[in-house]
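Asker: Everything below, folded, please.
(chains A and B)
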Amino acid sequence: MPMRPWTTATVRRASFGLLALLAAVLIRSTFERGSGCYRSWWFVLLLALLGIAMLPPIVRRGGRGIPAWGARGAHAGVAMVLIGAAVTAGWARRGEMTLREGEVMDSYTTAEGVAPLGFSVALDRFAVERYAPRHRLSVLVAGTGREKELDVEPGRSCAVAGSGYTIAVDRFLPDFVLDRAMRPGSRSDEPNNPALLVTIRKGGAEESRWLFADYPDFPSSSDAGIRLRYSYVGGIKGFTSMVKIIDGGGVAREGAIEVNRPLRHRGYSFYQERYDPADLDRTVLGVVRDPGVPIVYAGFLLLNLGVVLSVSGGAAWRRARGGP
Amino acid sequence: MTALPVNAALALYFAACLLFAAAATTKGRLLSAAANTAFLAGFLSNAAAVATRWAAAGRPPLSNLHETMVLFACAIALAYLTAAAGVPSARPLGAISALLALCALGYASVLDGAARPLMPALRSNWIVIHVSAYIVGYGAAAVAFAACVAQFFMPRSCAAAELMDRLSHRLVLFSFPFLTVGLTTGSVWANVAWGSYWSWDPKETWSLATWLIYALYLHLRGACGWRGRGAALVSIAGFCAVLVTFIGVNRLWSGLHSYA
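Answerer: Below is the predicted model of the structure:
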């Protein structure tokens, strides 16, 4: 019986060579970022060849049992992911829309220009949620050899157990700056340069110092017996755009768009992309219409199932255990 | 992480490494048992460090390089203990595995270990499945690498070298589905968070290259019958790619994963 071309060892070797070549190209590409190689004809050709190389293992005769079907599924999954990626490359549309509270928009901006949505998006409210700030001092008392961690609060003082030191936190400035008269102040409410004013007391002696979270090497005390490091823990917890989708003359959808929580309507997905800390009434939403996503997800599912089934039990493990 | 369990784990991994090396040289059963016990105790201390951190942070410790390196050390120890602890001729593998766990935990202890609140993009349930799948996969890949390295210190075709070869194959077979789950769930998560399932970010690109190298290893073994040092070299290349993906990328390039 004549051998099918795809079952020959040459084709198999070529397919494995393609895997090695693709891995090498991917590694090389990370050293040449911005070269645009992922959109070059030869890279697309490599991916297309990879897709074609998936076909012989899918249609191969023989090989029964769960591992063989798993291997077929895994190869079919890779092929499906590549098809989905091709659909994304050819048909996906992505852009963004900048909305102010109370504003309504029926289009979004893409790299090519302005594109209509076919419905409108209204921003009701934009909110930024922050973590409650926490101030932590790492205290090293000479001779103890170990740092102690103290959670402190402005306006309170605490004792460093077993050392005779007390530390009072007098003031917190989130964005420390010195004015022209060299008086400390805060440039903004954002924690760009968090600083704590602390007073260190022991016996009758006391000393006040500014500690900076971003500059831990700044001298914390003239007393060689104690060393302090300040850590500021805080930041943005999340940001949310409360929007209404207006379609067909009425409100079709209403909801919150957050990071990791997009809103979908008529094939479009709206993502919480970013915001301007200097203008908290304004949000930037990512707008994506990507028909390739369901195909890629189906491919992922098939790939995972296929890989699990192909390595579970069967010949691979017997070989690995040294059996026939 | 609390310093005490981390320091205890470091000491125990170091002791296990020395004991395995001594057991490999002298073939002493008592030394081998002591090495396995030290490795197990190191793993338990390491797991206690993870649990302590989890309790202190109020979330799974998966969100920065310090936390994931501590887990990686734990995964290496677990992979060795489940795959090879009972095999007497796997002592060289034990020495290299304990050394890898020691290096991972030692590296974690010099990284910034402050428990910071999660940034918005990381506040997702996807982090649990994505990162933990990768850590399990990387742990098994590390021990597979150790088995491949051990082969090069043994005469070709001796029983111990063949055992190392089979063990490395088993560990890659175990690791590969986890690498696949990690890769694909990361892609799904990226689509949920940023609206794009693939951005050719350096970490994504290296993780795909890593997956391709291990896929190549399995194909070469399964379809072409590669064995021994040739196959071992491919597995070693795979683990080098793991190290770059896991540690090197964030040192060399900025990208979507710069927080990790």
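
Asker: The residue nearest to B:L102 when sequence neighbours are not counted: which element?
Answerer: Closest residue to B:L102 apart from its sequence neighbours, by C-beta to C-beta, 6 or more residues apart in numbering or on different chains: B:Y13 at 4.0 Å. Where C-beta positions appear, they are placed from N, C-alpha and C, glycine not excepted. Element membership of B:Y13, judged by DSSP states H and E, is helix B:3-26.

Asker: helices and strands around whichever helix or strand comes after that helix, which ones?
Answerer: Sequence order places helix B:29-57 as the next helix or strand after helix B:3-26, per DSSP H and E. Here helix B:29-57 touches helix B:3-26, helix B:65-83, helix B:91-110, going by 3 or more C-beta pairs under 8 Å, 6 or more residues apart in numbering or on different chains; DSSP states H and E.

Asker: and these as a markdown table, adding mean pLDDT and mean neighbour count?
Answerer: Shown next, in a markdown table, are the helices and strands packed on helix B:29-57 (pLDDT from 0 to 100; neighbours: other C-beta atoms under 10 Å in any protein chain shown):
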| stretch | mean pLDDT | mean neighbour count |
| --- | --- | --- |
| helix B:3-26 | 92 | 20 |
| helix B:65-83 | 95 | 25 |
| helix B:91-110 | 94 | 23 |
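
Asker: nearest to A:F239, of those helices?
Answerer: Nearest to A:F239, of all the helices and strands packed on helix B:29-57, is helix B:65-83, at 24.4 Å by C-beta to C-beta.

Asker: who are the neighbours of the closest one, in terms of helices and strands?
Answerer: Other elements packing on helix B:65-83 under the criterion 3+ C-beta pairs under 8 Å, 6+ apart are helix B:3-26, helix B:29-57, helix B:91-110, helix B:126-151, helix B:159-194.

Asker: Please pull out the lowest mean pLDDT helix or strand from chain B.
Answerer: Among the helices and strands of chain B, helix B:249-252 carries the lowest confidence by mean pLDDT, DSSP states H and E, at a mean of 82.

Asker: name the helices or strands packed onto that helix?
Answerer: Applying 3+ C-beta pairs under 8 Å, 6+ apart, we find helix B:249-252 packed against helix B:202-224.

Asker: what's the next secondary structure element after whichever strand or helix holds A:S29?
Answerer: Here A:S29 sits within helix A:9-30, counting by DSSP H and E. Using DSSP H and E, the helix or strand that follows helix A:9-30 in sequence is helix A:41-53.

Asker: Okay, now the unreliable bits of the stretch 1-150 of chain A?
Answerer: A:1-8, A:34 (pLDDT under 70).

Asker: Now do the same contact list for the residue nearest to B:L102.
Answerer: B:38-39, B:42, B:46, B:73, B:77, B:98-99, B:101-102, B:105 (C-beta atoms under 8 Å, 6 or more residues apart in numbering or on different chains).

Asker: nearest to A:R39, of the residues you listed?
Answerer: Nearest to A:R39, judged by C-beta to C-beta, of those is B:A73 at 39.8 Å.

Asker: does that closest one really touch B:A98, like I thought?
Answerer: No - contact criterion C-beta atoms under 8 Å: B:A73 and B:A98 do not qualify, at 10.1 Å.

Asker: what does the model give the spatially most central residue of chain B for pLDDT?
Answerer: Among the residues of chain B, the one closest to the centroid is B:G139, at 2.5 Å (C-alpha atoms, centre = their mean). As predicted, B:G139 sits at a pLDDT of 97.

Asker: Ok, B:C158 next?
Answerer: For B:C158, the model assigns a pLDDT of 87.

Asker: Regarding it, what are the backbone dihedral angles?
Answerer: phi -80, psi 160 (degrees, to the nearest 10).

Asker: For it, list the residues it contacts.
Answerer: Contacts of B:C158 (C-beta under 8 Å, 6+ apart): none.

Asker: Pretty sure B:A79 sits against B:G137.
Answerer: No - contact criterion C-beta under 8 Å: B:A79 and B:G137 do not qualify, at 9.7 Å.

Asker: before we move on, the earlier item: just checking, what packs against the helix holding A:S29?
Answerer: Under the contact criterion of 3+ C-beta pairs under 8 Å, 6+ apart, helix A:9-30 touches helix A:41-53, helix B:202-224.

Asker: quick one, it and helix A:41-53 angle?
Answerer: Per axes from the mean of the first three to the mean of the last three C-alpha atoms, to 10 degrees, the angle that helix A:9-30 makes with helix A:41-53 is 140 degrees.

Asker: now helix A:9-30: how far from the chain's centre is it?
Answerer: Relative to its chain's centre, helix A:9-30 lies at 29 Å (C-alpha atoms, centre = their mean, to the nearest Å).

Asker: what comes up buried for that helix?
Answerer: Buried residues in helix A:9-30, counting neighbours by 16 or more other C-beta atoms under 10 Å in any protein chain shown, are found at A:12, A:15-16, A:18-19, A:22-23, A:25-27, A:29-30.

Asker: can you check stretch A:31-51 too?
Answerer: A:38, A:43, A:46, A:50-51.

Asker: go on, stretch B:46-65?
Answerer: Applying 16+ other C-beta under 10 Å to stretch B:46-65 flags B:46-50, B:52-53, B:57, B:59-65 as buried.

Asker: Out of the residues you listed, the closest to A:S208 would be?
Answerer: B:A57 (32.6 Å).

Asker: show me the contacts for that closest one.
Answerer: Taking C-beta under 8 Å, 6+ apart as the contact definition, B:A57 lies against B:A115.

Asker: Get me the contact residues on the stretch 1-150 of chain A for chain B.
Answerer: Residues of the stretch 1-150 of chain A lying near chain B by C-beta under 8 Å from any C-beta of the partner chain: A:12-13, A:16, A:19-20, A:22-23, A:26-27, A:29-30, A:33, A:38, A:85, A:88, A:94, A:131, A:136.

Asker: biggest strand in chain A by residues?
Answerer: As assigned by DSSP state E, the longest strand anywhere in chain A is strand A:114-130.

Asker: Leaving out sequence neighbours, find the closest residue to A:G118.
Answerer: Counting by C-beta to C-beta, 6+ apart, A:G118 lies nearest to A:R266, which is 6.8 Å off, once chain neighbours are set aside.

Asker: swap that for B:W54, sorry
Answerer: Leaving aside its sequence neighbours, B:W54 sits nearest to B:P61 (C-beta to C-beta, 6+ apart; 5.4 Å).
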